[in-house]
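A.B. asks: Let's see this in three dimensions:
(chains A and B)
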Protein chains: 2
Amino acid sequence: MLELLGTAASRTARVLWTLEELGRDYRHTSIDHRRGENRDAGFLSLSPTGQIPVLKDGDTIVRQSLAINLHLAFDSAPNDLLPADATMRAAALEWSLWAATEMEPHSFFRLTEKAKPEDEQDRAGLMRADVAIRKALDCLENSLGDGDYIVGGRFTIADLNAVGPIEYLQRTAYPLEAWPRIRAWLARCQERPAYKRVLAMKAAA
Amino acid sequence: MLELLGTAASRTARVLWTLEELGRDYRHTSIDHRRGENRDAGFLSLSPTGQIPVLKDGDTIVRQSLAINLHLAFDSAPNDLLPADATMRAAALEWSLWAATEMEPHSFFRLTEKAKPEDEQDRAGLMRADVAIRKALDCLENSLGDGDYIVGGRFTIADLNAVGPIEYLQRTAYPLEAWPRIRAWLARCQERPAYKRVLAMKAAA
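C.D. replies: Sure thing, here's the model as predicted:
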């Protein structure tokens, strides 16, 4: 039995979404960092830095939400999330790493800075982040073209990994008007039944 | 025939290292961003943002150095870089994502800031980066334990992906004295024949 540890109100949500998309049987144990539950000795033996989420897959322990998602996708292959076709599989990896390196550092920085009182925000840092964000959004917008999803016209782990950092932008009221394909794609992803089930878990967390 | 595009004096080096470790037959085309060669129309048709490196694997085009490394490792599996064992494979993914998300954004920021005149450096940003860097180094130091390499005691794609961002620290004279296992591991990786061949390419680039 798979066990996923971490509160749905964290990056744990993206792994919950993967598990729901794959229809895997799993147990979710809500370790909530906001209540210090990630500093508990039992949890620290799984995740020495207290980082969530953690996946227990039999004797295999995996940390890092994007790594867990790739692990689950590879482990369940062939499946809908990871294309069997080598070209599409490579693209799914490429866009997962794009999300991790070109988008998330900047959108997460924006999220944490915008949570501070305005006069404590790092203005120079926010301007630098915005340049990177616009470049990354342009890249995705162009790549989406007329397709419904990022890779091969169907929903894959690439979409799933890319949604999270773009939702950080939504949460900080970032104006996405200039990227209409991204807005339509995001709405499409957020309409998925598996996504909605995770949204309910987030609301309850 | 595999073709790798990008100058060895860039993140292209980590893919060259992977190709050398795997003993793959490949052609290296030096696209040098410092000479604007990545703005050439032919190259932009492969990499619309001008980003290097790009791998051409038959009809498959892959961008993002870490994605290319994972693609090559998966594509050549079973091989020495990607363990067949599910637990070790998961750990190799985890540490590759650790390098991409916990280490590289901060060490790369340090590298770019330290290249500026001292009075133009973002001091608040550098202090924030340093906190993240120390946390990430502690995490790797503890995980190395008595092992020669990060995963399962032998060299894998996890080591290869982790070396790059730590070399950024070396290039900015970051004091690594407090992390003796990392220093020994880094020296061990840098002694590898495949690494030394890439070092020669970097020197010539």
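A.B. asks: Can you name the residues of chain A sitting close to chain B?
C.D. replies: Residues of chain A lying close to chain B (Cβ under 8 Å from any Cβ of the partner chain) are A:48-49, A:57, A:59-64, A:66-67, A:70-71, A:74-75, A:86-87, A:89-91, A:93-94, A:96-98, A:100-101, A:104-105, A:122, A:124-125, A:135, A:138-139, A:142-143. The way it works is simple: take the backbone N, C-alpha and C, and place the C-beta from them, glycine included.
A.B. asks: at 7 Å what do you get?
C.D. replies: When proximity is defined as Cβ under 7 Å from any Cβ of the partner chain, chain A approaches chain B at A:48-49, A:59-60, A:62-64, A:66-67, A:70-71, A:75, A:86-87, A:90, A:93-94, A:97-98, A:100-101, A:105, A:122, A:124-125, A:135, A:139, A:142.
A.B. asks: Mind splitting chain A into its structural domains?
C.D. replies: Annotated domains of chain A cover A:2-80, A:86-192 [automatic domain parsing].
A.B. asks: report the longest helix in chain A, please.
C.D. replies: For chain A, the helix that runs over the most residues, judged by DSSP state H, is helix A:123-144.
A.B. asks: Which strands and helices lie in contact with the helix or strand following that one?
C.D. replies: Once the chain leaves helix A:123-144, the next helix or strand it forms, by DSSP states H and E, is helix A:157-171. If you count contacts as 3 or more Cβ pairs under 7 Å, 6 or more residues apart in numbering or on different chains; DSSP states H and E, helix A:157-171 packs onto helix A:12-22, helix A:65-75, helix A:86-98, helix A:104-114, helix A:180-190.
A.B. asks: Which residues does the longest one contact?
C.D. replies: Among residues not part of helix A:86-98, those counted as contacts by Cβ atoms under 7 Å, 6 or more residues apart in numbering or on different chains are A:66, A:70, A:82-83, A:150-152, A:156-158, A:161-162, B:59-60, B:62-64, B:66-67, B:70-71, B:75, B:100.
A.B. asks: For that helix, output the C-alpha coordinates as CSV.
C.D. replies: The C-alpha trace of helix A:86-98 is given here as CSV (Å, rounded to 0.1, in the frame of the first residue of the first chain):
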residue,chain,number,x,y,z
ALA,A,86,10.2,8.1,-26.6
THR,A,87,9.7,11.6,-28.1
MET,A,88,6.7,12.3,-26.0
ARG,A,89,8.3,10.9,-22.9
ALA,A,90,11.3,13.1,-23.4
ALA,A,91,9.0,16.1,-23.8
ALA,A,92,7.2,15.2,-20.6
LEU,A,93,10.5,15.2,-18.8
GLU,A,94,11.6,18.4,-20.4
TRP,A,95,8.4,20.3,-19.3
SER,A,96,8.6,18.8,-15.8
LEU,A,97,12.1,20.2,-15.5
TRP,A,98,11.0,23.5,-17.1
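A.B. asks: That one vs helix A:157-171, what angle?
C.D. replies: Compare the direction of helix A:86-98 with that of helix A:157-171 by axes from the mean of the first three to the mean of the last three Cα atoms, to 10 degrees and you get 30 degrees.
A.B. asks: In chain A, which residue is most central in space?
C.D. replies: Centroid check for chain A by Cα atoms, centre = their mean gives A:G164 as the closest residue, at 3.7 Å.
A.B. asks: That one - nearest residue in space that isn't next to it in sequence?
C.D. replies: Take A:G164 and drop its neighbours on the chain: the residue closest to it by Cβ to Cβ, 6 or more residues apart in numbering or on different chains is A:R14, 4.9 Å away.
A.B. asks: And A:G152, by the same measure?
C.D. replies: For A:G152, the nearest residue in space outside its immediate sequence neighbours is A:M88; the separation is 4.7 Å by Cβ to Cβ, 6+ apart.
A.B. asks: burial of the one you found, as a residue count?
C.D. replies: Neighbour count for A:M88, taken as other Cβ atoms under 10 Å in any protein chain shown: 18.
A.B. asks: Please apply the same query to A:A187.
C.D. replies: 9.
A.B. asks: In contact with the residue of chain A positioned farthest from its centre, which residues?
C.D. replies: When distances are taken from the C-alpha mean of chain A, A:D119 lies farthest, 29.6 Å away, according to Cα atoms, centre = their mean. For A:D119, no residue counts as a contact, taking Cβ under 7 Å, 6+ apart as the criterion.
A.B. asks: Chain B versus that one, what's the distance?
C.D. replies: 14 Å (Cβ to the nearest Cβ, to the nearest Å).
A.B. asks: In a strand, that residue, correct?
C.D. replies: No. With DSSP: H, G, I helix; E, B strand; the rest coil as the criterion, A:D119 is assigned helix and is not in a strand.
A.B. asks: From A:E113, how far out is it?
C.D. replies: Applying Cβ to Cβ, to the nearest Å, one obtains 12 Å for the distance of A:D119 from A:E113.
A.B. asks: swap in A:G125?
C.D. replies: 7 Å.
A.B. asks: ditto for A:A92
C.D. replies: 31 Å.
A.B. asks: Neighbour count for those two, which is higher?
C.D. replies: Summary of the neighbour comparison: A:A92 and A:E113, criterion other Cβ under 10 Å, with A:A92 having more neighbours (27 against 17).
A.B. asks: Excluding covalently adjacent residues, which one is nearest to that one?
C.D. replies: Counting by Cβ to Cβ, 6+ apart, the nearest residue to A:A92 once its immediate chain neighbours are dropped is A:A158, at 4.5 Å.
A.B. asks: hang on, isn't the one you found packed against A:L144?
C.D. replies: No. Counting by Cβ atoms under 7 Å, A:A158 stays clear of A:L144, with 11.1 Å between them.
A.B. asks: list residues touching both of those two?
C.D. replies: Common neighbours of A:A158 and A:L144 (Cβ under 7 Å, 6+ apart) are A:I150.
A.B. asks: Between those two, tell me which one has more neighbours.
C.D. replies: Neighbour tally, A:A158 and A:L144, criterion other Cβ under 10 Å: the higher count belongs to A:A158, 27 against 17.
A.B. asks: What's the separation between that one and B:E102?
C.D. replies: For A:A158, the distance to B:E102 equals 21 Å [Cβ to Cβ].
A.B. asks: Need the buried ones from the residues of chain A next to chain B selected in ChimeraX.
C.D. replies: The command below creates a ChimeraX selection of those among the residues of chain A next to chain B that count as buried (16 or more other Cβ atoms under 10 Å in any protein chain shown):
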select /A:60,62,63,64,66,67,70,71,75,86,87,90,93,94,97,98,100,101,105,122,125,139
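A.B. asks: All set, thanks.
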